[in-house]
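structure for this input, please:
(one chain, ligands or ions: 1)
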Amino acid sequence: MRRAALTSACFACLATAAAAQQDVMAMRAEPLGPGLTVISGFANGNILVLSGPEGTLLVDAQSAKRVGLADSVLTSLGAPPVRWVVNTHYHGDHTEGNALFRGRGAEIIGQAALPAQMVKDTTITSWGEWHRTPADPASIPTRTFRDSLTLRVNGQRVMITHLPSAHTDGDAIVWLPDANVIHIGDLFEHQAPPFLDWWAGGRLTGMLAGVDWGLNHSDSATRIVPGHGPVGNRADLLQYRQMLLGVSTAVAEQMKAGASVEATQATQPAAPWQAQLGSPRRMNEFVALLYLGLAEFESASFRVRAVPRTPESRLPWLLGCWQTSRKGLTIEERWIALPDGSLAGRGRTVRNGTVVDSEVVTITARGDTLVYTANPAGQAQALFLAPTATDSSVAFANPAHDFPTRVGYRRVGAMGLTAEVAGPAEGRERTIPFPYAAVVCQGS
Ligand SMILES: [Zn+2]
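A predicted model of the protein is given here:
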């Protein structure tokens with residue numbers, strides 16, 4: 001379920017949003033790798049397709065109205081028959097299509113809460129008279145699990161993990177570690193506000209825990225399939241986490257001060273994240289949803305926390321493993337976040353499989369200033385400072401150092417990173433760029 005309380009008027013505003021139009025009005029197939037495709041469209045849940053000699057596995061199946069179109073995309077891809085459908089949660093725009101594939105003999109897999117959730121017939125009066133109608137019995141899972149389930153399909157591990165009380169009470173994250181792909185379901189909506197189904201056991205603390213699960217199982221090369229919206233990466237997920245925690249914290253602070261929902265909306269708590277959330281109308285709706293949930297379902301368990309200003313939260317796009325080649329050498333950087341939110345980086349130069357040079361650096365915070373500490377082998381430690389950072393670049397400087405005096409990083413698209421060291425050398429200005437590409441982190 002993407003947005004339960006949308007009126008037809010808001011569907012219209014969504015349809016006119018240029019960025020969303022393509023997704024809303026067409027069925028699209030995006031290849032993610034050998035045998036892996038994401039099918040999306042009509043604002044239904046994204047389908048992850050894994051096909052191969054053993055058959056096809058789907059993660060989610062869209063709505064009854066759209067599954068036929070999704071099925072014709074499968075045919076055009078030449079996908080073998082669907083043998084498994086794994087549901088990320090019970091909402092109809094992810095599960096109604098189960099019936100079509102179950103009718104052809106597919107096994108439908110879902111968390112143990114799904115069968116009971118799917119047969120409910122209730123009206124949520126506190127959220128726009130949202131009527132939850134019972135699902136077609138033919139769409140109900142034929143195989144359930146409680147905590148986790150691992151399948152091996154077409155040579156890939158398909159690891160399904162239950163995240164309790166998150167978007168609903170029956171969420172599953174589907175991780176394909178061999179392909180480095182995660183379908184995280186509606187725990188992550190990319191470029192739109194998420195929905196929390198408070199009435200089916202959804203909780204903010206669980207949403208944040210589910211997002212953290214995704215962050216802990218991904219690196220810079222991981223493709224993260226959201227429930228809705230374009231396929232993202234770890235940096236997108238971390239920015240989304242900051243948004244979710246930031247807006248919720250601001251809403252909780254207003255509530256603590258006694259503000260009404262309208263007064264809370266008037267303070268525009270979601271405005272700093274408008275680029276991620278869309279129109280003011282959708283931001284207001286999201287604020288109302290959080291207000292309602294925190295008032296009726298979760299006030300005790302969600303504690304107001306300051307939005308952290310750690311290097312991890314300010315440079316999320318740096319995390320992971322990066323590689324480039326130069327003159328027969330392979331140059332790698334691996335960046336990880338430490339428990340205190342600082343970053344540790346390891347640079348290595350490899351020639352013919354042998355490490356010929358290695359360096360460990362850290363990025364810590366001193367108030368708002370980011371501090372890059374280099375520990376070059378056999379030389380004194382050097383500190384470079386960056387007073388600011390953008391969401392795609394950071395530039396550190398130490399004018400007193402010999403060479404370099406500047407160290408910079410710049411995110412290039414979803415999968416690229418350019419590092420640069422620069423400064424005066426032998427009487428002239430010199431810049432050495434490292435055009436890195438994201439790679440899957442290997443080993444330790
Ligand atoms: Zn949903």
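
any idea what the residue lying closest to Ser148 once chain neighbours are set aside is bridged to?
For Ser148, the nearest residue in space outside its immediate sequence neighbours is Thr161; the separation is 4.9 Å by C-beta to C-beta, 6 or more residues apart in numbering. The C-beta positions use only the backbone N, C-alpha and C, and glycine is treated the same way. For Thr161, the beta-bridge assignment (DSSP bridges) gives partners Ser148, Ile173.

quick one: pLDDT of Thr161?
In the predicted model, Thr161 carries a pLDDT score of 95.

OK, contacts around it?
Thr161 makes contact with 147-148, 172-173, 175, 213 under the criterion C-beta atoms under 8 Å, 6 or more residues apart in numbering.

who wins for most neighbours among those?
Ala172 (27 neighbours; other C-beta atoms under 10 Å).

in this structure that one contacts His94, no?
No. Between Ala172 and His94 no contact is recorded; they are 10.5 Å apart, counting by C-beta atoms under 8 Å.

find residues that contact each of those two.
Overlap between the neighbourhoods of Ala172 and His94 consists of 87-88, 185, taking contacts as C-beta under 8 Å, 6+ apart.

neighbour count, distance to the ion and pLDDT added to those, as a markdown table?
Shown next, in a markdown table, are the shared contacts of Ala172 and His94 (neighbours: other C-beta atoms under 10 Å; distance: C-beta to the ion, whole Å; pLDDT from 0 to 100):
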| residue | neighbour count | distance to the ion | pLDDT |
| --- | --- | --- | --- |
| Asn87 | 31 | 10 | 98 |
| Thr88 | 30 | 8 | 98 |
| Gly185 | 29 | 7 | 98 |
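
what about the nearest residue to Gln442 once chain neighbours are set aside, which SS state?
With sequence-adjacent residues excluded and distances taken as C-beta to C-beta, 6+ apart, Gln442 is closest to Cys321, at 7.6 Å. Reducing the assignment to helix, strand or coil with DSSP: H, G, I helix; E, B strand; the rest coil, the entry for Cys321 is strand.

quickly note the distance from Cys321 to the ion.
Here the distance between Cys321 and the ion works out to 32 Å (C-beta to the ion, to the nearest Å).

how is this protein partitioned into domains?
Listed domain ranges for the chain are 8-298, 311-439 (source: automatic domain parsing).

and among those domains, the most buried is which?
Of the domains of the chain, the one with the most neighbours on average (mean count of other C-beta atoms under 10 Å) is domain 8-298, at a mean of 20.

centre of the chain to it, how far?
If you compare the mean C-alpha spot of domain 8-298 with that of the full chain, they lie 11 Å apart, counting by C-alpha atoms, centre = their mean, to the nearest Å.

what does the average pLDDT come to for the top helix by length along the chain?
Of all segments of type helix in the chain, defined using DSSP state H, the longest is helix 234-256. In this model, helix 234-256 has a mean pLDDT of 90.

how about stretch 320-335?
Averaging the model's pLDDT scores along stretch 320-335 yields 92.

dump the residue contacts of Cys138.
Residue 138: Ala, not Cys. If a contact means C-beta under 8 Å, 6+ apart, then Ala138 has 98-99, 102-103 as its contacts.

and it, how far from the ion?
Taken as C-beta to the ion, the spacing of Ala138 relative to the ion amounts to 20 Å.

how would you label that residue: helix, strand or coil?
Applying three-state DSSP to Ala138 yields a three-state assignment of helix.

tell me the confidence at it?
For Ala138, the model assigns a pLDDT of 96.

where do the helices sit along this protein?
Per DSSP H, the chain carries helices over the ranges 8-16, 18-25, 67-77, 92-95, 98-102, 114-118, 204-216, 234-256, 261-266, 274-277, 280-293, 311-314.

compare the ones you listed and give me the one nearest Asn352.
Ranking the helices of the chain by distance to Asn352, with C-beta to C-beta as the measure, places helix 234-256 first at 30.9 Å.

and that closest one, what does it pack against?
Packed against helix 234-256, as judged by 3 or more C-beta pairs under 8 Å, 6 or more residues apart in numbering; DSSP states H and E, are the following elements: strand 181-189, helix 204-216, strand 223-228, helix 261-266, helix 274-277, helix 280-293, helix 311-314.

next, the angle helix 280-293 makes with that helix.
60 degrees (axes from the mean of the first three to the mean of the last three C-alpha atoms, to 10 degrees).

which residues does the residue of the stretch 101-250 of the chain found nearest the ion contact?
Closest approach between the stretch 101-250 of the chain and the ion, counting by C-beta to the ion: Asp186, at 3.7 Å. Residues counted as contacts of Asp186 (C-beta under 8 Å, 6+ apart) are 1-2, 45, 88-89, 91, 94, 167-168, 171, 194-195, 226-228.

same deal with Phe434?
Residues counted as contacts of Phe434 (C-beta under 8 Å, 6+ apart) are 324, 326, 331, 418-420.

below-threshold pLDDT in the stretch 251-400 of the chain: ranges please.
Screening the stretch 251-400 of the chain residue by residue with the criterion pLDDT under 70, one finds the ranges 299-308.

of all residues in it, which one is closest to the ion?
Taking C-beta to the ion, the stretch 251-400 of the chain has Leu289 as its residue nearest the ion, at 12.8 Å.

up against the ion, what does the stretch 151-300 of the chain have?
The stretch 151-300 of the chain comes close to the ion at residues Asp186, as judged by C-beta under 5 Å from the ion.

coming back round to it: so the residue of the stretch 251-400 of the chain closest to the ion is in contact with Leu196, correct?
Yes. Because the distance of 6.3 Å satisfies C-beta under 8 Å, Leu289 is recorded as touching Leu196.

coming back round to it: okay, the contacts of Ala138 in TSV with pLDDT and distance to the ion next?
Converted to TSV, these look like this (pLDDT from 0 to 100; distance: C-beta to the ion, whole Å):
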residue	pLDDT	distance to the ion
Asn98	98	14
Ala99	98	18
Arg102	98	20
Gly103	97	23
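
out of the residues you listed, who's nearest Ala380?
The shortest separation between Ala380 and any of those is 63.2 Å, and it belongs to Asn98 (by C-beta to C-beta).

that closest one and Cys441: what is the separation?
Counting by C-beta to C-beta, to the nearest Å, the gap between Asn98 and Cys441 amounts to 35 Å.

just Ala43 next, same as before
From Ala43 across to Cys441, the span is 34 Å (C-beta to C-beta).

swap in Phe101?
The value you get for Phe101 to Cys441, if C-beta to C-beta is used, is 35 Å.

likewise Asp340?
Noted for Asp340: a distance of 21 Å to Cys441, by C-beta to C-beta.

and what of Thr37?
As for Thr37, its distance to Cys441 is 24 Å (criterion: C-beta to C-beta).

for Val49, same thing?
Using C-beta to C-beta, one obtains 25 Å as the distance from Val49 to Cys441.

what does Pro141 give?
In this structure, Pro141 and Cys441 are 34 Å apart, going by C-beta to C-beta.

and Gly92, by the same measure?
Using C-beta to C-beta, Gly92 is found at 37 Å from Cys441.
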